[in-house]
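Enquirer: test case, fold it:
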Amino acid sequence: KKNADGSAFSLQSMATNGTLGFWLRKAAAGADGQTLDSVYIGETKLLEGTDYHVYEPTVSDLSGYENLSGLLSVETLVQVYDQGYGSLSVTKKTENTPDGSAAENEIFHFRVYSVFENATKLVLTKTDASGSPLFDGKTGTPVTVDFTGTLNVRLRQTLASAQPDQDTVTNIAVDFQNGVGMFYLQPDYEVEYVYIPENRSHAIFSGLTADESVVGLVETRVTLSDSSQNGDGTVCAVHVAFREMTHAHTVTFTDGAGTFYRNPDYAIQSVKFANGATYKVDAAEGENGLTATSRIQYTTLANILNVPVQGEVDVAFTEADNTPSPNNRVVTNAAFPPSNGDFGSIEVNDGDVTVYADADSGGYKIAYSLASDTYKDASVAQFALYSGQTITIEGFPAGATYYVYEYAVGDGSRDLSDWNTVITADAAGEDLLPEYGYRAAKGTILLNGGTQSVIFTNSAHVGQLTVSKTVSGDQATEADREKEFSFTVTIKDSDGKPLAGTYAYKGGAADGTAAPADGTLTLTDGSAVFTLKHGQSITIGEIPKGATYEVRETDSTGYTVVLNEDEDADGIAEGTIVKDGTSNAAFTNLKLSALSFTKVAAEAHDTVLSGAQFQLFQLECNDTSHDHSDDLVYEADDCWKLVNTGESGTDGRVSFGNLTAGSEYRLVETKAPDGRVLPEGQWKVTTDATNLIEIAAVGARDGRLPLAFAVDEATGALLLPNARPMDIPSSGGFGEQPFLITGGLLMLTALGIILIKKPRGKRTASKEKQ
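Expert: Got it, this is the predicted structure:
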């Protein structure tokens with residue numbers, strides 16, 4: 001308190017729900033008056049007009065009494081805005097993000113909406129001689145009195161499990177402008193009464209007749225269970241104490257919602273329409289229901305209880321171990337604070353933040369404003385978090401509603417379709433994702449409730465890749481099965497950029513084989529190298545959905561390498577990672593004793609095909625000027641000699657006899673099994689002096705190649721598929737990667753077979769068949 005001479009003295013007083021009452025000495029003859037000097041809560045000095053409001057209650061006219069003014073002081077009340085403040089923390093966590101990967105270092109973008117969203121409106125309404133409120137006949141809104149000043153309002157607490165214990169009833173001061181007052185009301189409080197002065201000389205009665213008076217009405221939003229209900233409905237309300245007293249008022253509903261101005265003495269019971277439809281507060285199952293709330297969005301106003309809907313508040317960023325985030329982990333906006341002081345003049349788009357470094361405090365602030373293009377009817381601020389990071393926002397008024405919405409990842413232009421989100425909110429919050437589909441949380445800032453907490457946990461959409469090695473064939477030895485085969489895996493993201501990071505894998509093995517130890521692969525330019533023995537496999541996890549992979553066997557000399565699903569026959573396992581799926585790259589190295597294969601259906605390799613016919617031509621040409629490397633041969637001539645034929649039997653098997661070392665052959669499929677397509681192109685077969693056999697596909701006139709060989713995983717035998725007409729691929733056959741077979745041919749000396757891709761063949765005019 002401050003005396004007239006400038007001296008001041010302090011005292012302590014208890015505040016109840018934000019209201020502090022005390023006495024100041026009134027100026028009178030022989031005594032100077034006192035004024036309020038300052039208000040502190042703890043060590044914090046409050047700012048008048050920002051943190052609190054001072055007003056003097058109306059004093060009744062005492063002219064009819066003995067003059068006691070020299071003995072009385074005037075009670076002064078200090079109303080701390082919004083019944084206190086609270087904080088909100090938002091934490092970002094991620095899962096399925098390998099160390100060093102791009103996913104581990106992603107930035108996630110958030111908006112926090114409606115910091116000052118839901119307020120309660122009181123309307124000082126003129127009443128007629130009977131005490132009934134007067135309404136405008138055209139708009140249906142109350143006829144207000146032209147009063148600007150402060151009145152007391154009594155609040156009654158209702159049951160709310162999430163709230164700390166408070167007094168059952170409390171009085172607060174509400175400022176009115178032109179008969180309308182706005183304030184924040186915690187969800188578990190209701191307006192019980194607006195104190196109207198009894199003194200008719202009070203300014204609130206200015207312009208009223210002797211029969212007219214004033215009542216305080218609460219604007220109430222009535223929402224029906226049927227959102228298609230439109231038109232005028234009669235709202236029925238019952239007195240809270242005297243049930244026989246009722247009020248009925250006509251309200252226009254649009255899309256199932258209407259506004260009713262309720263006398264706090266009355267509680268809404270039902271709404272009735274001319275078509276007979278009735279909606280009840282306590283509707284039983286199967287009946288039409290309604291809800292009523294006096295906490296409505298009013299953020300288009302410049303102030304509510306002098307709290308602006310745009311401004312800046314303190315924020316802090318911390319890591320998972322509760323240490324402050326380093327500067328390079330805090331995303332700020334260099335455009336803030338603006339040099340002209342007008343935060344609303346700065347355009348804020350997707351991916352932008354409204355966080356800035358505060359030079360005065362050395363910390364950070366976040367600006368909130370109605371100037372956002374995203375949602376013009378709510379105060380909004382934007383921020384970004386890394387995984388493991390938490391933002392704590394200070395200065396939320398108690399009773400305010402918040403929405404925290406995660407809307408993008410990366411630079412703000414990418415949506416979250418590659419992530420699953422789990423939202424964990426405390427008792428005062430709720431997850432909006434299950435019901436509404438938004439990655440958002442809604443909650444209420446509680447009085448003395450501490451910091452409200454929301455955790456967003458994002459799990460990346462990932463799949464895995466299994467690479468396996470099998471050594472098979474009747475010429476395979478124990479040394480072959482103990483040999484380590486080297487592989488290179490290359491993984492790129494959906495945009496074709498090499499992935500980085502360290503990816504964990506689990507070792508696996510077939511029965512009777514020792515599995516490789518679990519480990520990690522660190523990608524360099526998207527690639528890593530590993531080895532496998534016969535029967536071993538590794539499964540690489542947490543690969544992003546949509547990533548593409550290539551797996552190559554580094555050195556397969558001496559073996560025929562067969563890959564199932566190798567449509568382009570290039571000896572490279574390739575594909576795309578699918579969410580929650582496992583892609584397989586199964587490499588089989590064969591050592592066979594004869595050139596033989598089984599005809600099978602392309603769509604089902606366990607279905608053998610009979611009736612496929614083949615011819616084997618041998619090149620016998622002494623003219624060194626001839627180039628037969630790409631010939632397509634259909635009948636014998638001076639250079640090509642038909643040396644063998646074969647046909648697949650009921651078991652699908654096709655076998656050829658001994659081949660001559662140092663020779664060149666052409667393998668031709670002349671007839672496809674019934675219902676199958678004759679493959680394009682032919683096969684060039686060559687043997688060297690050591691009986692290493694090389695088989696290369698020769699492309700047809702249009703460059704198309706035959707379907708790729710596969711392998712029977714159970715027996716190790718070669719399989720040669722035939723496609724149905726509807727299944728024929730855009731290209732088929734062998735690629736450029738060699739396929740090697742070594743072993744004895746017809747139990748003779750060791751040989752190998754190399755299957756490679758060759759350019760499309762040329763046709764000699766005399767030998768071409770249509």
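Enquirer: for the rest of this, base every contact and every neighbour count on C-alpha atoms.
Expert: OK.
Enquirer: pLDDT weak spots in the stretch 501-650 of the chain?
Expert: Scanning the stretch 501-650 of the chain with the threshold set as pLDDT under 70 gives 567-569, 592-594.
Enquirer: where along it do the strands fall?
Expert: Secondary structure of the stretch 501-650 of the chain (DSSP state E, counting those that start in this stretch): strands located at 501-509, 519-523, 527-532, 536-544, 548-553, 560-563, 573-576, 582-590, 596-601, 604-608, 613-619, 640-647.
Enquirer: direction included, what does the fourth one pair up with?
Expert: If I follow you right, that is strand 536-544. With DSSP bridges as the test, strand 536-544 is paired with strand 462-472 (antiparallel), strand 501-509 (antiparallel).
Enquirer: returning to what we had before: wait, which of the strands of the stretch 501-650 of the chain is closest to residue 668?
Expert: The closest of those to residue 668 is strand 613-619. By Cα to Cα, the value is 5.2 Å.
Enquirer: now do the closest one: which elements does it pack against?
Expert: strand 640-647, strand 664-671 (3 or more Cα pairs under 8 Å, 6 or more residues apart in numbering; DSSP states H and E).
Enquirer: most neighbours per residue, which of those?
Expert: strand 664-671 (a mean of 21; mean count of other Cα atoms under 10 Å).
Enquirer: just give me how far it sits from the chain centre.
Expert: 57 Å (Cα atoms, centre = their mean, to the nearest Å).
Enquirer: in its sheet, which strands sit next to it, and in what direction?
Expert: By DSSP bridges, strand 664-671 pairs with strand 613-619 (antiparallel), strand 682-687 (antiparallel).
Enquirer: in CSV: the ones you listed, plus mean neighbour count and distance to residue 263.
Expert: Formatted as CSV, these follow (neighbours: other Cα atoms under 10 Å; distance: least, Cα to Cα, whole Å):
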stretch, mean neighbour count, distance to residue 263
strand 613-619, 20, 96
strand 682-687, 24, 93
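Enquirer: which of these sits closest to residue 107?
Expert: Closest to residue 107 of those, according to Cα to Cα: strand 682-687, at 53.7 Å.
Enquirer: need the residues that contact the closest one.
Expert: Residues from elsewhere that reach strand 682-687 (Cα atoms under 8 Å, 6 or more residues apart in numbering): 629, 632, 659-669, 693-700, 705-706.
Enquirer: grab the nearest non-local neighbour of residue 585.
Expert: residue 467 (4.7 Å; Cα to Cα, 6 or more residues apart in numbering).
Enquirer: now do the same contact list for residue 611.
Expert: Contacts of residue 611 (Cα under 8 Å, 6+ apart): 647, 648, 649, 671, 672, 673, 674.
Enquirer: how does it look with 10 Å?
Expert: 599, 646, 647, 648, 649, 650, 652, 671, 672, 673, 674 (Cα atoms under 10 Å, 6 or more residues apart in numbering).
Enquirer: hmm, the last one is touching residue 609, no?
Expert: Yes: under the criterion of Cα atoms under 10 Å, residue 674 lies in contact with residue 609, with a separation of 8.6 Å.
Enquirer: relative to residue 491, how far out is residue 532?
Expert: 19 Å (Cα to Cα, to the nearest Å).
Enquirer: typo on my end, residue 458
Expert: From residue 458 to residue 491 the distance is 22 Å (Cα to Cα).
Enquirer: who has more neighbours, these two?
Expert: residue 491 (27 against 21; other Cα atoms under 10 Å).
Enquirer: show me the contacts for the closest residue to that one other than its chain neighbours.
Expert: Nearest non-adjacent residue to residue 491, counting by Cα to Cα, 6+ apart: residue 549, 4.4 Å away. Neighbouring residues of residue 549 by Cα under 10 Å, 6+ apart: 465, 489-493, 498, 526-527, 543, 572-577, 583, 585.
Enquirer: again, 7 Å this time
Expert: Residue 549 sits next to 489, 490, 491, 492, 574, 575, 576 when contact means Cα atoms under 7 Å, 6 or more residues apart in numbering.
Enquirer: now do whichever strand or helix holds the second one against strand 527-532, angle only.
Expert: In other words, residue 490. Using DSSP states H and E, residue 490 maps to strand 485-492. Computed by axes from the mean of the first three to the mean of the last three Cα atoms, to 10 degrees, the angle separating strand 485-492 from strand 527-532 equals 150 degrees.
Enquirer: buried residues in strand 485-492?
Expert: For strand 485-492, burial by neighbour count (16 or more other Cα atoms under 10 Å) applies to 485, 487, 489, 490, 491, 492.
Enquirer: how about a markdown table for the residues you listed, with distance to residue 280 added?
Expert: Shown next, in a markdown table, are these (distance: Cα to Cα, whole Å):
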| residue | distance to residue 280 |
| --- | --- |
| 485 | 76 |
| 487 | 71 |
| 489 | 66 |
| 490 | 65 |
| 491 | 61 |
| 492 | 60 |
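Enquirer: with respect to residue 513, which of the residues you listed is nearest?
Expert: Nearest to residue 513 among the buried residues of strand 485-492, with distances taken as Cα to Cα, is residue 485, at 15.2 Å.
Enquirer: surely that closest one and residue 533 touch.
Expert: Yes: with contact defined as Cα atoms under 7 Å, residue 485 reaches residue 533; the gap is 6.1 Å.
Enquirer: and this protein, what are its domains?
Expert: As assigned by automatic domain parsing, the chain contains the domains 15-82, 85-116+303-460, 118-297, 462-589, 592-760.
Enquirer: now the end-to-end length of the fourth one.
Expert: Pointing back at domain 462-589 there. 30 Å.
Enquirer: what about that domain, distance to the chain center?
Expert: Worked out by Cα atoms, centre = their mean, domain 462-589 lies 31 Å from the chain centre.
Enquirer: quick one, what contacts the residue lying closest to residue 480 once chain neighbours are set aside?
Expert: Distances taken as Cα to Cα, 6+ apart place residue 471 nearest to residue 480, at 7.0 Å, with adjacent residues excluded. Counting by Cα under 7 Å, 6+ apart, residue 471 makes contact with 481, 534, 588, 589, 590.
Enquirer: what is the nearest of those residues to residue 436?
Expert: residue 588 (50.1 Å).
Enquirer: what's the spacing between the residue nearest to that closest one when sequence neighbours are not counted and residue 553?
Expert: Among residues not flanking residue 588 along the chain, residue 470 sits closest, at 4.7 Å (Cα to Cα, 6+ apart). Residue 470 sits 12 Å away from residue 553, taking Cα to Cα as the criterion.
Enquirer: got it, and residue 257?
Expert: Taken as Cα to Cα, the span from residue 257 to residue 553 is 68 Å.
Enquirer: what do you get for residue 432?
Expert: Counting by Cα to Cα - residue 432 and residue 553 are separated by 49 Å.
Enquirer: more neighbours: those two, which one.
Expert: Neighbours were counted for residue 432 and for residue 553 using other Cα under 10 Å; residue 553 has more, 20 against 17.
Enquirer: spit out the contact partners of that one.
Expert: Residues near residue 553 by Cα under 7 Å, 6+ apart: 486, 487, 488.
Enquirer: now do the same contact list for the last one.
Expert: Pointing back at residue 488 there. With Cα under 7 Å, 6+ apart, residue 488 has these contacts: 527, 528, 529, 530, 551, 552, 553, 554.
Enquirer: make a PyMOL selection of the buried ones in the residues you listed.
Expert: To isolate the buried ones among these in PyMOL, judged by 16+ other Cα under 10 Å, type:
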select buried, resi 527+528+529+551+552+553
